[in-house]
Each structure stands twice: as structure tokens, then as C-alpha cells.
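Peer 1: Predicted model follows, preceded by the sequence.
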Amino acid sequence: MYYLKIINLSVNENDLPYPSKTERNIFSMVNASIRKGEIFGILGPSGCGKTIFLKTIAGLIKPCEGQIFKDGVDITFLSPNKRKVAMVFQNIALYPHLKNIENIEFPYVLVHQTENIEREKLKEIAVMLHIDEEKILQKKPAFSSMGEKQRVAIGKALASNPDILLLDEPLSNIEEGLRNEIRHNLKKYLKAREITTLYVSHNQVEIGIFADNIAVMADGRFQQTGSYEELYNDPKTLFVSLYIGEIPSNYLDKNEVKFLTSSRISYFLTIRPEECSISKEEEDSILIAGKVTSIEKFIQHNKKLAMIEYNNKPFGILLPIDYDVNLGQEIEIYIPLKKAKFFDDKNAKIPERIYNLW
């Protein structure tokens, strides 16, 4: 049984605290099934509704349609303070008149349990988040760095013993090395206590490591849900194929594909730069050419990305780092059709994957 089940959830601009006259849907008919203790990631472009979705789960925004079930109970219109849901906002929400330690302890104040503050638990949380030094705990938010405030906000959320934790870009202001350590320890903490977590981030590497499953949100819906590997290797829509990946996929529109395949195929095409080749390695390949406009090195992978312009859009190939190629040099790129992914635009708004062309 799923612990958090979201059925046909829709939010209109008129459902927001500051409604618009356009009555545009922020998102519509969104569905998700999340198990107890699962970390569920949400990826998508800015403005697609990720934060509003979290606020709807928290009860801060009422949907115009759909239902939210927690452990089999309908909480769609339950007040926020009765949901046992904690949220860490991207725009950090701390009480400015309280010290950091008082902010962390505030969930106990809220339920009149100050005499029952779990000091050992709060110390564990503070150590995990690297905010256990007195000089950090005794400061007020105004005198804390953005990274410190972000960690205090996470600590405050964990101190409330939530059943569900909502994290909106929670580590974005924390320096790289410390962020990696906190991410690792936070995941371990959440898993040990089976805290069901929804995690929004723009960082694909981070969310790929942190989340069990990820929903890609765009055009007002979850376009695909799965592990990062599933999204990367088997995208179901054109958007997911182009959006997922540290190095973006290449793209040809259906008219370009029709021309390059002598009218054999007329679908949208995507292919990873690492799947292309500089020489013809497979018989059924198509060829494009152009001058190198940029070269980007990926030292950790011992590779470099050479970009050309084809029909006024970038197209890349991943090469060994010692491959001899220069800016302005004309190169040929072979696209093996069996490695490419194709998408049909019968649904014009969201072109979907076509399988079994061979």
C-alpha cells in the first residue's frame, strides 16, 4: 500500500493566495504513488509548478480538483497543522527574532512541549547538519550565512518529527564539499526513520543520488516518473529526453530527420553525444557536418564535448579528451539510427516515444 497517494491533483491560478485573472492551470491531473520512507524527487524547469505542488501537499494551497491521501486517509482539505507535514522553503522561513537554536526548538513550543525537548535528538540533528557549534546556534538568522540558515531550517523541520518532509532546493546555498556530506547523512537519517520525503532540486546529479524515484514536471503535469537511470535510458516524452542528463541530448526535428533518411523516417529524433561517432561505425547511420563552435572538457570522465551548429542549433559529440579537434574545424558526425530515440507529435504539446522502428 502506498503511504502518500495523489490522485488527479489540479491547481488553478485562482487557487493561489494572490489569484490571477487568467484562470490558467498551474498543473492539472497530477498523479503520484509514494511508499512509506521513499524519497521522491521532482525535477522540472523554473515556473513549472514544483513549489506550488509541495505547498498543496502541505495544505498551504487548496486544489481545485483531485485528492491527497496519507496512509489511506483523505487529507486534501485538512488544515496544515494536522497533517504532520514539515516543509523547508526555498525562500528560507525562520523566525528572525529567535536564535537559531530557538528556531530549531520551536516545533516543541508550538505544541506546548518545551519541557519534553529531546536534547539528544536535536544534538544529533545539529551535528549532522554542521550547526552544532554554539556560535552558530546562538546567532539570529540575520547574522547567519545563507548556508547556515538553510541548515537551521532543515533542523527545525526534522525536530518536528514529521511523517512527511517537503524539501524545496534545501541544499542550494551550501558549499559543495559540505553539501555532499550533508546530503549523504540526511538521506541516511531519513531512511533510518522512514520519513517519506518529497525533494525538489534543479541539480540532476544531486537528485539522482538522493531520490529513489523522480517525477519530471513540465507543461502542467508529471511527464514521467521513475529512477534516474530509467529517465535517462528510457525517456517516454521528447521533453524528458532533452531535459534529463548532465550533458543534454542532441535534437533533430521531424523534417530534418525526413530529409536525412530520404523520407524513411519522419519523427523527432534525440541522441546522446556519447552515442554519436566521428566515423561511420554502424551501417544504418545518418551524417551531419559543421564547424566546431565550442569545446568543453570533462576532466573527471576523460572526455571532451565538441559542439557544431547544424541548421542554426547546437549539436554535440563526446570525444576522448586527447582527440585532436580545434575551434572552427569542419567535422562530420555520424548518428547511428539504432541508438537514437524517436518521438511522434500526434499529441502536439507532448511528443511521445515511438518504439520498435527496427
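Peer 2: Now that the structure is in, tell me what you want to look at.
Peer 1: Ile75 is in contact with Arg83, correct?
Peer 2: Yes. The pair Arg83 and Ile75 qualifies as a contact (CB atoms under 8 Å) at a distance of 5.6 Å. C-beta here means a position set from N, CA and C on the backbone, and glycine is covered the same way.
Peer 1: overlap in contacts of those two?
Peer 2: Common neighbours of Arg83 and Ile75, counting by CB atoms under 8 Å, 6 or more residues apart in numbering, are Gly59.
Peer 1: Okay, and the residue nearest to Leu9 when sequence neighbours are not counted sits in which element?
Peer 2: For Leu9, ignoring the flanking residues on the chain, the nearest one in space by CB to CB, 6 or more residues apart in numbering is Gly66 at 3.5 Å. Assigned by DSSP states H and E, Gly66 falls within strand 65-70.
Peer 1: Same question for that strand: list its buried residues.
Peer 2: 65-66, 68-70 (16 or more other CB atoms under 10 Å).
Peer 1: Over to stretch 322-335?
Peer 2: Neighbour-count burial for stretch 322-335 [16+ other CB under 10 Å]: 331, 333-335.
Peer 1: just stretch 85-105 next, same as before
Peer 2: Those would be 85-90, 92, 94, 98-105, for stretch 85-105 by 16+ other CB under 10 Å.
Peer 1: tell me which element His202 falls in.
Peer 2: Using DSSP H and E, His202 is not contained in any helix or strand.
Peer 1: For Phe298, list the residues it contacts.
Peer 2: For Phe298, counting by CB under 8 Å, 6+ apart, the contacting residues are 247, 304-305, 318, 321.
Peer 1: Of these, which one scores lowest on pLDDT?
Peer 2: Lowest pLDDT of these: Ile247, 93.
Peer 1: got any ranges where the stretch 201-350 of the chain has weak pLDDT?
Peer 2: Judged against pLDDT under 70, the low-scoring parts of the stretch 201-350 of the chain cover residues 348.
Peer 1: What are the boundaries of the helices in it?
Peer 2: Here the stretch 201-350 of the chain has its helices, by DSSP state H, counting those that start in this stretch, at 204-210, 228-233, 238-243, 254-260.
Peer 1: closest to Ser10 out of these?
Peer 2: helix 238-243 (19.7 Å; CB to CB).
Peer 1: tell me which strands and helices that closest one is in contact with?
Peer 2: Applying 3 or more CB pairs under 8 Å, 6 or more residues apart in numbering; DSSP states H and E, one finds that helix 238-243 contacts strand 213-218, strand 221-226, strand 268-271, strand 341-344.
Peer 1: who touches the following helix or strand past the last one?
Peer 2: Put plainly, it is strand 341-344. Per DSSP H and E, strand 341-344 leads on to strand 352-354 as the next helix or strand towards the C-terminus. Strand 352-354 has contacts (CB under 8 Å, 6+ apart) with 235-238, 241, 267, 341-344, 346.
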